[in-house]
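Asks: below are the sequence and a predicted model; questions follow.
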Amino acid sequence: MLLAAFNAAMSYEDYLRASPKQADDWRAVGDRVVITSQQRALLDGFTRDMQVLVISGSWCGDCVRQGPSLAAIAAACLRIDLRFIDRDHPDSPIEQFTINDGNRVPVAIFMAEDGVLVSSLGDKTLSYYRWAAAQQLGPACPLPGAPIPEDVLASITQDWIDECERVQLLLRLSPRLRSRHGD
């Protein structure tokens with residue numbers, strides 16, 4: 001099921017092209033995402049391939065704020081194959097990845113090179129939840145284009161890098177994959 005969803009999913013750019021009305025909002029956030037030299041060095045050290053499937057909605061403010069960070073991370077790391085699938089796509093596994101009993105997005109599903117599920121993280125990163133809780137304002141899901149401070153965007157990007165690193169270590173330490181790769 002996950003491999004079918006991954007194969008039906010699109011690259012980041014194709015996902016944006018499929019949603020031209022929202023693409024500008026995504027690109028505007030993407031233009032602000034910075035991968036630091038320290039983060040790049042960490043990503044360059046990854047040795048295991050991982051597949052990352054993001055269940056998303058191009059209309060979703062949380063997706064607009066987080067998807068570009070994931071795209072920047074994947075662009076900086078050749079070991080990450082990132083794909084996006086719309087929550088409502090027939091092959092979307094959203095029903096198997098509900099959060100707090102709801103079909104919330106984004107959800108990033110991390111898989112090994114062979115499509116085996118490793119981890120998932122969804123809805124919002126810890127940094128965003130901290131910021132939103134401190135604000136106590138606005139709707140539960142701010143609209144795309146709603147302002148987000150640079151430090152919060154940087155923290156969200158770091159949260160996603162931390163999750164990618166955690167998954168990379170899970171993959172590196174996996175007896176199954178260590179046996180397969182002889183390391």
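Replies: That came through, no problem.

Asks: what's stretch 174-183 in contact with?
Replies: Arg48, Ala112, Glu113, Leu171, Arg172 (CB atoms under 8 Å, 6 or more residues apart in numbering). All C-beta spots, glycine's among them, are computed from the backbone N, C-alpha and C.

Asks: what about these, which are in strands?
Replies: Ala112 (DSSP state E).

Asks: which residues of the chain score low on pLDDT?
Replies: Counting by pLDDT under 70, the chain shows low-confidence ranges at 136-146.

Asks: quick one: the strands in it?
Replies: Under DSSP E, the chain gives strands at 50-56, 80-86, 107-112, 117-122.

Asks: do you know which of these lies nearest Ala9?
Replies: Closest to Ala9 of the strands of the chain is strand 80-86 (CB to CB; 3.5 Å).

Asks: and the angle for that closest one with strand 50-56?
Replies: Interaxial angle, strand 80-86 versus strand 50-56 (axes from the mean of the first three to the mean of the last three CA atoms, to 10 degrees): 20 degrees.

Asks: tell me the angle of strand 80-86 relative to strand 107-112?
Replies: Using the same axes, to 10 degrees: strand 80-86 against strand 107-112 is 140 degrees.

Asks: which residues are contacting strand 80-86?
Replies: 5-6, 8-12, 15, 43, 46, 49-58, 67, 70-71, 73-74, 91-92, 164.

Asks: hang on, isn't Ser120 packed against Phe97?
Replies: Yes: with contact defined as CB atoms under 8 Å, Ser120 reaches Phe97; the gap is 5.7 Å.

Asks: show me where the protein has its helices.
Replies: For the chain, helices defined by DSSP state H occupy the ranges 2-8, 12-17, 20-30, 37-44, 61-76, 126-135, 150-173, 175-181.

Asks: check those helices for me and report the most buried one.
Replies: Mean neighbours per residue, mean count of other CB atoms under 10 Å, is largest over the helices of the chain for helix 61-76, with a mean of 23.

Asks: related to what we said a few turns ago, and the contacts of stretch 174-183 as CSV, adding distance to Asp25?
Replies: Formatted as CSV, the contacts of stretch 174-183 follow (distance: CB to CB, whole Å):
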residue, distance to Asp25
Arg48, 33
Ala112, 32
Glu113, 32
Leu171, 33
Arg172, 36
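
Asks: do you know how far the closest residue to Phe46 other than its chain neighbours is from Glu113?
Replies: Counting by CB to CB, 6 or more residues apart in numbering, Phe46 lies nearest to Arg79, which is 4.2 Å off, once chain neighbours are set aside. The gap separating Arg79 from Glu113 is 9 Å, by CB to CB, to the nearest Å.
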